[in-house]
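Trainee: Next come a sequence and a model predicted from it.
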Amino acid sequence: MRRTARLLAGTALAVAATAPAHAMAATDPAAPLTTAPAGPLEVRPATVTPGGEVTASTAACGSPGAATGDAGAVGAGTFPLAPGTGEGRLTGRFRVPPSAQPGTYEIVARCAEGDRQVAGDLVVALSAAHGQVQPRGSVKTGVGGGLGRDPVQTTAGVAALAVAAAGGTWLLHRRARGDGI
């Protein structure tokens, strides 16, 4: 009976551990770069359709500075950032490939001097104007609903599973002691 109680408690802990967490961005281990706080690389527009042009700018590299941008995550390769309008601001442009898939991509800029790296997010979305429509709704498989992105519902589901596991453990413990149900 103890084995079953431990199994239920372990299951509850495993379910609680699978709650949504933010993924950490990985950097190249061969180049020890420091990453600035979130948001120092401004990406405009923040949401773009495949084939669209994007402007990236930052003031993190100082004046007069230069940087190399990396949009390889979205398939656009590298691009230069050069002094633009505004004191100490570097600006560069790249085009999102027409074959880019919808999603959020990290765009990185490495300052030419020092070991500074800054990053920003670019969202690629499909639009009806390009003959593409982003899917909506759920798949009717008869198995049940999918796990959504709502953290409140996810937390409520994890809490319900934890309560059910704790209640099952308590009932098994009572049964093992002979108290009955």
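Mentor: On my side now, so go ahead.
Trainee: Just the buried residues of stretch 97-114, please?
Mentor: 100, 105-111 (16 or more other C-beta atoms under 10 Å). For glycine as for every other residue, the C-beta is placed from the backbone atoms N, C-alpha and C.
Trainee: no, scratch that, I was asking about stretch 62-82
Mentor: Result for stretch 62-82 [16+ other C-beta under 10 Å]: buried residues 65, 67, 69-71, 73-74, 76, 79, 81.
Trainee: And stretch 158-175, by the same measure?
Mentor: 158, 162, 165, 168-169, 172.
Trainee: mean confidence for that stretch?
Mentor: Across stretch 158-175, pLDDT averages out at 90.
Trainee: Quick check: next helix or strand after the lowest-mean-pLDDT helix or strand in the chain?
Mentor: Within the chain, confidence by mean pLDDT, DSSP states H and E is lowest for strand 34-35 among all helices and strands, at a mean of 42. Later in the chain than strand 34-35, the nearest helix or strand by DSSP states H and E is strand 42-44.
Trainee: Buried residues in that following strand, which are they?
Mentor: Buried, per 16+ other C-beta under 10 Å, within strand 42-44: 42-43.
Trainee: Check stretch 45-56 too.
Mentor: Buried-residue list, stretch 45-56, by 16+ other C-beta under 10 Å: 48-50, 52, 54, 56.
Trainee: Filter those residues down to just the ones in strands.
Mentor: Among the buried residues of stretch 45-56, the members falling in strands (DSSP state E) are 48, 54, 56.
Trainee: quick one, domains of this protein?
Mentor: 2-20+149-177, 34-130 (automatic domain parsing).
Trainee: mind checking which of those is nearest Gly137?
Mentor: Of all those, the one in closest proximity to Gly137, counting by C-beta to C-beta, is domain 2-20+149-177 (14.0 Å).
Trainee: Does anything pack onto the longest helix seen in the chain? Which helices or strands?
Mentor: Longest helix in the chain, counting residues (DSSP state H): helix 151-177. Under the contact definition 3 or more C-beta pairs under 8 Å, 6 or more residues apart in numbering; DSSP states H and E, helix 151-177 sits against helix 2-17.
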